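**Student:** mind folding the following:
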Amino acid sequence: MHQAAYRNVLLPIQLLEEGLYSFLFLSQLLNPHPRSRQIFPKAFFFAEALILMKLDLIIQQGHDYFAPFVFREGAVDKLNCQFSLLRFHVFRFGVQSSLVYFIYLYILFLYYSFSFTMNYTLRQLEVFTQICASKSITKAAEVMHMSQPAASIQLKNFQAQFDIPLTEVIGRQLYVTQFGDEIREACINILEETKKIEASAMSYHGHLTGKIRISIVSTGKYIMPHFLTDFMNTNPSVELVMDVTNKTSVLASLDENQVDFSLVSILPELLSIDKIELMKNSLYLVGGRASESVKSAWSPSKLSALPMIYREQGSGTRQTMERFLERHGVQPVKRLELTSNEAVKQAVVAGLGYSIMPLIGIRNELERGDLKIIPVKGLPEETSWNLIWLKSKKFLPAAKAFLTYIQAEKERIIQHRFEWYK
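**Tutor:** Predicted structure coming up:
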């Protein structure tokens, strides 16, 4: 039965019941003799019928009358039905004192006052937030290192506290409703505040604690660990979560406030961000060991005859490479596409073709002679590695301390760990 129709049927039954018991109460108050309970057998029969009708409605609506009802959907209706049974027995079989009836009304009033209190747990908030991010219960369970049924139960218990659906499944895909998205934002804020509480408590003991979340583009894995090492060693209570993926996914996680920082080589145009430029990113044309030795720089037009190996769509390296080729009117006759910088590198080493690659990721291969830098007019193509964050971001103590550390130690780290790069 539709919720509105269910209420439209249930309300008149409850009103009739209240009117009937008010009549019985006044009758017994005016005539307290024990035999008075025998005067209204039809009234009691009617009251019993009303209780059975309410119980039948509740069961038809899908609320298990015999299940625990506190903080569950249909809780008010089930409790009201149980109190109806209690009241029936009070009037029909025993206690005549008006005090009992007033105690009942008081208890019912208290329950109705507090029955809509939210009873969620932080774990439910964490699971729901991750499900929203993953768009999948199974993937969320994997990220949170729990079983899929356990994640489903957490979502079900959280959903049970709302009349409006948080998620919906269309086909085999899970979608977050507009209401669910609003609840997700509230969950994120609540979880952030709990982390602040934990960090504040630890700070009184002289420990920096918390979690730093960073998303980086795949070639950034050759850089970011060097900017993290000393900070993490100095603050062993700080946890690090670093996601290595392509530029599109990195910016999506930043936009959805899933991370504190992102490392990119091409700045986003549509996000309001702050940044720290870490170091230059130089991209060269590289070939395998068997590539011909070049004494003078090639013209960019020569690349038209070469089999070029590309990164996937959404990659910053690909975007930089395509920008160079388009600027010089180069259209390669053969093109391969691979989904990671490491895959491109190994393809070039194997002799499958050439690629324009960041110098930062090919140091070892150059030293071993597996790769060669081929001079081309207009190369290297220069971009910058930038650590970025949302302007509106409110950092927790660990992330704030890391930002301060980067601002103070950036030059020292570059000189100490990237001297070869210059």
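
**Student:** what sits against residue 212?
**Tutor:** 238, 239, 240, 241, 260, 261, 398, 399, 402 (CB atoms under 8 Å, 6 or more residues apart in numbering). (Glycine included, C-beta is placed from N, CA and C.)

**Student:** which parts of the stretch 251-400 of the chain are helices?
**Tutor:** Counting by DSSP state H, counting those that start in this stretch, the stretch 251-400 of the chain has helices at residues 316-327, 341-349, 363-368, 397-417.

**Student:** deepest in the core, which of the ones you listed is it.
**Tutor:** Comparing the helices of the stretch 251-400 of the chain by mean neighbour count (mean count of other CB atoms under 10 Å), helix 341-349 ranks first with a mean of 20.

**Student:** and that helix, what does it pack onto?
**Tutor:** strand 273-288, strand 307-311, strand 334-338, strand 355-358, strand 371-374 (3 or more CB pairs under 8 Å, 6 or more residues apart in numbering; DSSP states H and E).

**Student:** partner strands of the longest one and their direction?
**Tutor:** According to DSSP bridges, the neighbouring strands of strand 273-288, each with its direction, are strand 355-358 (antiparallel), strand 371-374 (antiparallel), strand 381-390 (antiparallel).

**Student:** reformat those strands as JSON lines; add mean neighbour count, mean pLDDT and distance to residue 200.
**Tutor:** Formatted as JSON lines, the strands paired with strand 273-288 follow (neighbours: other CB atoms under 10 Å; pLDDT from 0 to 100; distance: least, CB to CB, whole Å):
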{"stretch": "strand 355-358", "mean neighbour count": "27", "mean pLDDT": "94", "distance to residue 200": "41"}
{"stretch": "strand 371-374", "mean neighbour count": "20", "mean pLDDT": "93", "distance to residue 200": "50"}
{"stretch": "strand 381-390", "mean neighbour count": "19", "mean pLDDT": "94", "distance to residue 200": "21"}
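
**Student:** out of the ones you listed, which comes closest to residue 182?
**Tutor:** strand 381-390 (19.2 Å; CB to CB).

**Student:** send the alpha carbons of that closest one over as PDB?
**Tutor:** The C-alpha trace of strand 381-390 is given here as PDB (Å, rounded to 0.1, in the frame of the first residue of the first chain):
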ATOM      1  CA  GLU A 381      58.100  20.300 -23.700                       C
ATOM      2  CA  GLU A 382      58.000  22.000 -20.300                       C
ATOM      3  CA  THR A 383      55.200  21.800 -17.700                       C
ATOM      4  CA  SER A 384      55.300  22.000 -13.900                       C
ATOM      5  CA  TRP A 385      54.500  19.600 -11.100                       C
ATOM      6  CA  ASN A 386      51.900  21.300  -8.900                       C
ATOM      7  CA  LEU A 387      50.500  20.300  -5.500                       C
ATOM      8  CA  ILE A 388      47.000  21.600  -5.600                       C
ATOM      9  CA  TRP A 389      44.000  21.800  -3.200                       C
ATOM     10  CA  LEU A 390      40.600  23.300  -3.200                       C
END
